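output the structure for:
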Amino acid sequence: MEAKATLRYIRISPRKVGIVCDQIRGKSVKDAEAILNLIPKAASDPLSKLVHSAAANAENNHGMDPEKLFVAETYATPGPIIKRYMPRAKGRAYGIKKRTSHVTVVVKER
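Residues are numbered from 1 along each chain as shown. Here you go, the predicted model:
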């Protein structure tokens, strides 16, 4: 039995979110929330809310014990890229890619 929570279109690069995902994968939900509160990364706050949501889904929708939950899977996949332009010298324009992510957290019972 597993419970899942997803966060879509977050305005952080999937590579940067993946660094934080690697820190909490395999940890208990309580440990993961404690780690996310201490990591000084932009992705740690949305991921903390996502882990909390997945744990709440497990407890309310599937009747799992919240004390036995652990983060079984967590991954970030690329979302749509927002394209912008930056003016440069001599009338040129350089493209800027603002990347987005879709993040998924799966919790299971130990």
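
what's the next secondary structure element after the helix or strand that contains Asn37?
For Asn37, the element it lies in under DSSP states H and E is helix 29-38. Remark: after helix 29-38, the chain's next helix or strand is helix 44-62, criterion DSSP H and E.

hmm, back to that, between the helix holding Asn37 and helix 44-62, how many degrees?
160 degrees (axes from the mean of the first three to the mean of the last three C-alpha atoms, to 10 degrees).

which other helices and strands does helix 29-38 contact?
In terms of contacts (3 or more C-beta pairs under 8 Å, 6 or more residues apart in numbering; DSSP states H and E), helix 29-38 is packed against helix 14-24, helix 44-62, strand 69-78. The C-beta positions use only the backbone N, C-alpha and C, and glycine is treated the same way.

not counting its neighbours along the chain, what's nearest Ile96?
In space, and not counting its chain neighbours, Ile96 is closest to Arg84: 4.6 Å by C-beta to C-beta, 6 or more residues apart in numbering.

ok, the one you found - contacts?
Shown here is Arg84, whose contacts under the criterion C-beta atoms under 8 Å, 6 or more residues apart in numbering are Gly95, Ile96, Lys98.

save the residues you listed as TSV, and put in pLDDT and secondary structure too.
Shown next, in TSV, are the contacts of Arg84 (pLDDT from 0 to 100; DSSP: H, G, I helix; E, B strand; the rest coil):
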residue	pLDDT	secondary structure
Gly95	96	strand
Ile96	97	strand
Lys98	97	strand
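
can you redo those as CSV with neighbour count and distance to His52?
What follows is the contacts of Arg84, written out as CSV (neighbours: other C-beta atoms under 10 Å; distance: C-beta to C-beta, whole Å):
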residue, neighbour count, distance to His52
Gly95, 8, 37
Ile96, 11, 33
Lys98, 12, 27
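
name the nearest of those residues relative to Pro80.
Proximity of those to Pro80 (C-beta to C-beta) peaks at Lys98, which lies at 9.7 Å.

do I have it right that the closest one meets Tyr85?
No. Counting by C-beta atoms under 8 Å, Tyr85 is not a contact partner of Lys98; they are 11.3 Å apart.

can I assume the residue nearest to Ile96 sits in a helix?
No. Counting by DSSP: H, G, I helix; E, B strand; the rest coil, Arg84 is not part of a helix but strand.
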